[in-house]
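Chemist: Build me a model from this:
(one chain, ligands or ions: 1)
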Amino acid sequence: MTAHLPPGYRLEPLDESRKRDIYDLDAWAFPIATSLDDLLATASPLPWDRTFGVVAPDARAGELAAMYASYPFQRFPVPGGELPAGGLTWVGVHPQHRRRGILTAMIDDDLARCATRGEPLAALFAAEYAIYGRFGYGRAADDLRLEIPRGTALRDVAGADQHTVRIEHASQEAHGELVAHIHRAAGRAPTGVEGLNRPGWVTRETPELQASFWDDSPVWRQGRESARIVIVERDGAPRGYCRLRRKLDWETAGPRGQVSAGEVVALDAAAARALWGVLLDLDLSSVVAPFLIPVDDVVTQLLVDRRAALPRLADNLWVRLVDVGAALAGRRYAADVDVVVGVRDDRLPANAGSWRLQAGAFGNGSCERTDAPADLELDVRELGAAYLGGVTLAALAAAGSVTERTPGALARAAAAFAWPIAPGASWVF
Ligand SMILES: CC(=O)SCCNC(=O)CCNC(=O)[C@H](O)C(C)(C)COP(=O)(O)OP(=O)(O)OC[C@H]1O[C@@H](n2cnc3c(N)ncnc32)[C@H](O)[C@@H]1OP(=O)(O)O
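Modeler: I've put the predicted structure just below:
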């Protein structure tokens with residue numbers, strides 16, 4: 001099913017010279033109080049060779065009706081490995097032009113480009129939950145939002161007291177390499193076991209994404225201080241970091257400061273305990289709110305009373321299989337598996353049909369087309385949901401979205417597709 005733009009509309013590549021038009025359109029799609037000039041002063045994360053606009057038939061010079069971009073993730077973490085993926089982002093349609101099929105046409109354009117570039121996956125963060133399922137994206141990961149009261153008790157971890165602490169102004173120049181190194185290492189082996197990675201723990205792979213992450217323009221402060229960083233070190237080597245901003249409010253009863261913590265990332269439990277110990281004891285603060293954390297993050301085990309942190313679940317990554325064969329062969333499985341999967345895919349017919357997946361537990365596998373009857377049948381959307389190992393095929397079957405044709409196949413496949421580490425990205429793209 002390939003959609004086309006409405007009559008008279010045309011798609012065109014956008015380069016950096018169109019930045020003002022892009023930010024103007026973006027501010028129409030995502031209302032924001034900040035002036036266009038202030039927005040233009042921020043570091044742009046956009047990949048200029050993968051950014052596209054839609055122009056209406058009656059457009060004034062430079063005026064955009066819609067846009068989208070796609071980050072080039074060469075090393076998108078999948079269970080037990082990495083694959084190229086397109087990270088769909090900055091999707092926006094001007095309110096004047098909505099609900100006439102422009103997003104649908106842009107999705108088709110993006111998926112076709114992913115296929116041409118050899119990216120077997122597409123991934124995104126959804127602005128609204130209901131938008132992307134119809135296009136074959138499945139909700140593949142959740143994350144936790146916490147509000148942890150100051151002084152909340154943490155369980156002890158041996159070695160935590162061996163760490164020293166640095167608290168500094170955060171900058172790319174001073175901390176860029178340190179943060180990139182710890183972030184990547186923490187995703188590659190959260191338990192210290194090589195190969196047992198965190199799927200979806202995508203890194204900021206381009207210089208533009210790096211610059212945007214570190215950008216500390218006043219626009220992003222919203223009444224809070226400039227960016228700071230807490231680093232915990234052991235024997236002089238950095239083992240964990242958290243970039244944060246504090247905001248101080250006074251009430252009759254005293255100070256009510258909030259700590260907006262960005263990523264809280266550590267290389268082992270002792271470093272995590274040391275880092276959270278600092279965050280939960282900052283003077284004049286009353287609550288620490290990490291932006292988002294994986295659902296199985298170490299802190300969920302360290303909190304003596306997790307309820308006190310008011311945990312809430314949010315959807316994290318959505319995944320779309322662009323090339324079912326390459327995607328299924330490109331990840332590892334947590335149990336031996338030999339299953340024929342019957343896939344429906346109305347958008348990308350090359351994915352539709354039966355695929356035989358064979359793999360040994362935590363080893364290499366293959367996925368080939370077959371004429372054999374399917375053991376399991378499902379839509380490509382469900383395959384995307386299960387792909388990172390955080391949503392089980394059994395849960396999808398319970399909801400009527402996966403059909404078992406061969407008795408026993410669901411249990412075996414569900415165990416194999418699951419992954420010991422919960423998936424999720426630590427930042428929103
Ligand atoms: C990965 C990211 O960048 S997420 C950011 C997404 N952007 C935003 O949320 C900004 C504000 N919203 C917008 O810009 C637009 O409304 C968009 C991009 C969400 C939708 O664009 P449109 O061009 O109106 O979508 P289009 O006309 O192709 O709609 C296709 C289908 O999706 C449905 N749809 C579109 N938006 C939504 C929504 N927010 N919630 C539920 N359904 C939606 C339409 O109803 C339509 O359904 P139908 O085929 O059954 O008729």
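
Chemist: got a list of what the single nearest residue of the stretch 201-350 of the chain relative to the ligand touches?
Modeler: In the stretch 201-350 of the chain, no residue comes nearer to the ligand than residue 318, which is 8.0 Å away by C-beta to the nearest ligand atom. Where C-beta positions appear, they are placed from N, C-alpha and C, glycine not excepted. With contact set as C-beta atoms under 8 Å, 6 or more residues apart in numbering, residue 318 has these partners: 123-126, 132, 137-140, 384.

Chemist: Now do the same contact list for the closest residue to it other than its chain neighbours.
Modeler: Computed as C-beta to C-beta, 6 or more residues apart in numbering, the closest residue to residue 318 that is not its neighbour in sequence is residue 137, at 4.2 Å. Residue 137 sits next to 122, 124, 126, 318-320, 381, 384 when contact means C-beta under 8 Å, 6+ apart.

Chemist: for residue 166, same thing?
Modeler: 229-231, 233.

Chemist: Which ones among the residues you listed map onto strands?
Modeler: 229-231, 233 (DSSP state E).

Chemist: Intersect these with the contacts of the ligand.
Modeler: Filtering these for proximity to the ligand by C-beta under 6 Å from any ligand atom leaves nothing.

Chemist: Stretch 21-39: which residues count as buried?
Modeler: For stretch 21-39, the neighbour count (16 or more other C-beta atoms under 10 Å) marks 21-29, 34, 39 as buried.

Chemist: if we can go back for a sec, dump the ones in strands among the contacts of residue 166 into JSON lines; add pLDDT and neighbour count as well.
Modeler: Formatted as JSON lines, the ones in strands among the contacts of residue 166 follow (pLDDT from 0 to 100; neighbours: other C-beta atoms under 10 Å):
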{"residue": "229", "pLDDT": "98", "neighbour count": "19"}
{"residue": "230", "pLDDT": "98", "neighbour count": "22"}
{"residue": "231", "pLDDT": "98", "neighbour count": "23"}
{"residue": "233", "pLDDT": "98", "neighbour count": "18"}
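
Chemist: Relative to residue 428, which of those residues is nearest.
Modeler: The closest of these to residue 428 turns out to be residue 229 (C-beta to C-beta; 19.2 Å).

Chemist: ok, now how distant is the closest one from residue 13?
Modeler: As defined by C-beta to C-beta, to the nearest Å, residue 229 lies at a distance of 37 Å from residue 13.

Chemist: And residue 256, by the same measure?
Modeler: 49 Å.

Chemist: ok, now residue 383?
Modeler: Remark: distance between residue 383 and residue 13 (C-beta to C-beta) = 31 Å.

Chemist: between the two, who's got more neighbours?
Modeler: residue 383 (29 against 11; other C-beta atoms under 10 Å).

Chemist: Just the local confidence number for that one, please.
Modeler: If you check residue 383, the pLDDT there is 98.

Chemist: Close to the ligand: what parts of the protein are there?
Modeler: Going by C-beta under 6 Å from any ligand atom, the residues of the chain near the ligand are 29-30, 88-93, 98-104, 124, 126-128, 130-131, 134.

Chemist: Just say helix, strand or coil for the closest residue to residue 426 other than its chain neighbours.
Modeler: Of all residues not flanking residue 426 in the chain, residue 263 sits nearest, at 4.8 Å (C-beta to C-beta, 6+ apart). What DSSP: H, G, I helix; E, B strand; the rest coil gives for residue 263 is strand.

Chemist: residues near residue 263, how many?
Modeler: So residue 263, with other C-beta under 10 Å, has 19 neighbours.

Chemist: next one: the one 3 residues further on
Modeler: Using other C-beta under 10 Å as the criterion, residue 266 is surrounded by 25 other residues.

Chemist: So in terms of bridging, what pairs with it?
Modeler: residue 240 (DSSP bridges).

Chemist: correct me, but it touches residue 239?
Modeler: Yes - at 6.1 Å, residue 266 and residue 239 qualify as touching, with contact defined as C-beta atoms under 8 Å.

Chemist: Next, show the common contact partners of the two.
Modeler: Common neighbours of residue 266 and residue 239 are listed as 182, 232, 274 (criterion: C-beta under 8 Å, 6+ apart).
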